[in-house]
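Participant: Below are the sequence and a predicted model; questions follow.
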Amino acid sequence: MLYLFLCIALLVVGYFTYGFFVNRVFGPNSQNPTPAATMADGVDYMPLPTWKVFFIQLLNIAGIGPIFGPILGALYGPVALLWIVFGAIFAGAVHDYASGMLSLRSRGASIPEVVGEFMGTKTRWVLRLFSVLLLLLVGVVFVLGPAKLLGNLIGLPVYIWVICIFVYYFLATILPIDKIIGRFYPLFGALLLFMTVAVIVGMAAADFPVLPNLDFTVNTHPQGLPIWPLLFITLSCGAISGFHSTQSPIMARCIQNESRGRLVFYGAMIAEGVIALVWATAGMSFYQNPADLNAVIQAGSPSLVVSQVCNSLLGPVGGGLAILGVIVLPITSGDTAFRSTRLILAETFRFPQNKAAKRLMLAVPLFIVAFIISFQDFEMIWRYFGWSNQTLAMLVLWAAAIYLKKQGKCHWIASIPAAGMTAVSVSFILQAPIGLSLAPVLSNVIGGLSSLSALLLFLFGKSRRMTP
């Protein structure tokens, strides 16, 4: 148990030290007016209290990823904990902070517009299509996932919960941000806090050893899957996730002061890292060995692990409340996934969103498409999500590095993790069955060379600002 608390302490120290350094590099100016003031429209651009902005940002980025991903990552052994801690501090939180601050300084623009500003028009269009597809998939999965959990918890048929969640998502997508998201997220945040603390307390009081294996040199995956690069794709949320960059602009339109960026963007990622640590620890501790954990995952997905852990540690009442806290995560990311999609489409087609009729003109066809997708077998497409997610994170980090280099600031805070994620993304797609199925050694060598080439091109290539 002490090792879990040590990891949590490292995350907190990272926020106050490296987070402080990253904040100084970007140099927020509390005197600069934010989009919430200069572009207020009463719908998407709206000043909100900092505590609300923080909770909304945390709940937006923390879908099922910081629970399901760490449970799957636990199969690889305690090295997953190191990836969460160091990934969150030096990569994930930097990525989230950069995407939020760059959006904040670009009139609250969505991430395709922000990246396109620094990487060119072609990249902008690729990311527009890429982001809409990714967000649609996330939104649909974040309907089906919580619907199944609610069906198991309460007993109503899953299709009823699907309809209810879709209705909620539609309202949260078109209504002003303070009407639903701003009002319900504090309650959702309380449930999330209860879930996290309750699982920690439950493990501390349990009669099984917490983290019995702390041998970081051994890969414990029952199927022998390699740590590199699979762990870094499988365990994304909680360490680094490109999906977060699609969510940060939502709060960049509501934050009232640039100086709050470290708390809202960097801090929310650190908080998500704590959630990921708790569930990775639960996965490594609750079952006798990784093979038993894998058997439960194969039998019912990580959601069955969540159900067993919560009900066993906390009893039916506490377990039920904890599971509700888990259900909150995908729902509070699914609604903003659709909201982000609406905003990206609005920016792409230069379609103002200040009037309800214009929001409906985008939201109605968007939800029709999403509803149709929810009945399709898109398993093959979804297999690409992990790789696509980390590729998006890579592009955002390179965009941040370009920005910092042009500003004459310490770009290494972004360029080093960008190079690392380049190696991960290239190595994975070359050797994965959904990619080229090349030999792992060859794939890893090419991935490393690609990372080095990208870094050298960034450092010594001719840099110029691309026109929109």
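Facilitator: That came through, no problem. Here the structure is a predicted model, which is why all the values come from computation and not from measurement. Numbering: from 1, shown residues only.

Participant: Other residues contacting stretch 340-347?
Facilitator: Stretch 340-347 is contacted from outside by 44, 109-110, 112-113, 128, 131-132, 135-136, 139, 173-174, 246-247, 249-250, 351-353, 359, 362-363, 366, using CB atoms under 8 Å, 6 or more residues apart in numbering. (Each C-beta comes from the backbone N, C-alpha and C, glycine too.)

Participant: again, but for stretch 174-194
Facilitator: Contact with stretch 174-194 is made by 42-44, 46, 48, 52, 55-56, 58-59, 62, 168, 171-172, 250, 254, 275, 321-322, 324-325, 328-329, 331-332, 335-336, 339, 342, 356, 359-360, 363, as judged by CB under 8 Å, 6+ apart.

Participant: gap between it and the chain center?
Facilitator: Here stretch 174-194 is found 18 Å from its chain centre; the criterion is CA atoms, centre = their mean, to the nearest Å.

Participant: So that it lines up with my notes, have the first residue be 494 from now on.
Facilitator: Fine by me, first position is 494 from now on; the one you just mentioned is stretch 667-687.

Participant: Tell me which helix or strand comes right after the host helix or strand of A893.
Facilitator: According to DSSP states H and E, A893 maps onto helix 878-899. Later in the chain than helix 878-899, the nearest helix or strand by DSSP H and E is helix 905-924.

Participant: and that next one, which residues are buried?
Facilitator: Neighbour counts using 16 or more other CB atoms under 10 Å place 906-924 of helix 905-924 among the buried residues.

Participant: Kindly report the same for stretch 673-681.
Facilitator: Buried residues in stretch 673-681, defined by neighbour count with 16+ other CB under 10 Å: 673-675, 677-678, 681.

Participant: Same question for stretch 793-813.
Facilitator: 794-796, 798-804, 806-807, 811-812.

Participant: Give me the subset of these lying in helices.
Facilitator: Here DSSP state H is the test, and the buried residues of stretch 793-813 give 794-796, 798-804, 806-807, 811-812 as lying in helices.

Participant: And the closest residue to T841 other than its chain neighbours, which helix or strand is it part of?
Facilitator: Counting by CB to CB, 6 or more residues apart in numbering, T841 lies nearest to R621, which is 5.3 Å off, once chain neighbours are set aside. Following DSSP H and E, one finds R621 within helix 614-647.

Participant: need the helix or strand of the chain with the lowest average pLDDT.
Facilitator: Across the helices and strands of the chain, mean confidence by mean pLDDT, DSSP states H and E is lowest for helix 872-876: a mean of 66.

Participant: hmm, back to that, wait, what's in contact with the residue nearest to T841?
Facilitator: R621 neighbours (CB under 8 Å, 6+ apart): 605, 837, 841.

Participant: Run a quick check on T689 versus A769, I expect a contact.
Facilitator: No: look at T689 against A769 with CB atoms under 8 Å: they stay out of range, at 10.2 Å.

Participant: Which one's more surrounded, these two?
Facilitator: Set T689 next to A769 and count neighbours by other CB atoms under 10 Å: A769 wins out with 33 against 20.

Participant: pLDDT on the helix or strand hosting that one, on average?
Facilitator: Using DSSP H and E, A769 falls within helix 760-778. The average pLDDT for helix 760-778 rounds to 96.

Participant: swap in stretch 891-906?
Facilitator: pLDDT averaged over stretch 891-906 gives 96.

Participant: chain center to that stretch: distance?
Facilitator: Distance of stretch 891-906 from the chain centroid (CA atoms, centre = their mean) equals 22 Å.

Participant: what does that stretch contact?
Facilitator: Contacts with stretch 891-906, where a contact means CB under 8 Å, 6+ apart, come from 514-515, 518-520, 587-588, 591-592, 595, 607-608, 610-612, 907-908, 911, 947, 951, 956, 958.

Participant: and the residues you listed, which are buried?
Facilitator: For the contacts of stretch 891-906, a burial check counting by 16+ other CB under 10 Å picks out 515, 518-519, 587-588, 591-592, 595, 607-608, 610-612, 907-908, 911, 947, 951.

Participant: among those, which are in helices?
Facilitator: Checked against DSSP H, the buried ones among the contacts of stretch 891-906 include these in helices: 515, 518-519, 587-588, 591-592, 595, 607-608, 610-612, 907-908, 911, 947, 951.

Participant: Flag the shaky bits of the stretch 844-961 of the chain, pLDDT-wise.
Facilitator: Applying pLDDT under 70 to the stretch 844-961 of the chain flags the ranges 870-875, 955-961.

Participant: So for stretch 551-562, mean pLDDT?
Facilitator: 87.

Participant: gap between the two ends of that stretch?
Facilitator: Terminal residues of stretch 551-562 are spaced 17 Å apart (CA to CA, to the nearest Å).

Participant: So what's the gap between that stretch and the chain middle?
Facilitator: Centroid displacement of stretch 551-562 relative to its chain, using CA atoms, centre = their mean, is 6 Å.

Participant: Name the member of the contacts of R621 with the most neighbours.
Facilitator: With neighbours defined as other CB under 10 Å, the most crowded of the contacts of R621 is P605; it has 26 neighbours.

Participant: How about that residue, nearest residue that isn't a chain neighbour?
Facilitator: Nearest residue to P605, sequence neighbours excluded (CB to CB, 6+ apart): L620, at 3.8 Å.

Participant: same check, this time on G585
Facilitator: Counting by CB to CB, 6+ apart, I733 is the residue found nearest to G585 once chain neighbours are left out, at 3.7 Å.

Participant: Phi, psi for the one you found please.
Facilitator: phi -160, psi 140 (degrees, to the nearest 10).

Participant: and it, how many neighbours does it have?
Facilitator: 32.

Participant: so it touches Q883, yeah?
Facilitator: Yes: contact criterion CB under 8 Å: I733 and Q883 qualify, at 7.3 Å.

Participant: Need the residues touching each of the two.
Facilitator: Shared contacts of I733 and Q883, counting by CB under 8 Å, 6+ apart, come down to M914.

Participant: What is the end-to-end distance of stretch 869-884?
Facilitator: End-to-end span of stretch 869-884 (CA to CA): 25 Å.

Participant: Please apply the same query to stretch 890-909.
Facilitator: In stretch 890-909, first residue to last residue: 9 Å (CA to CA).
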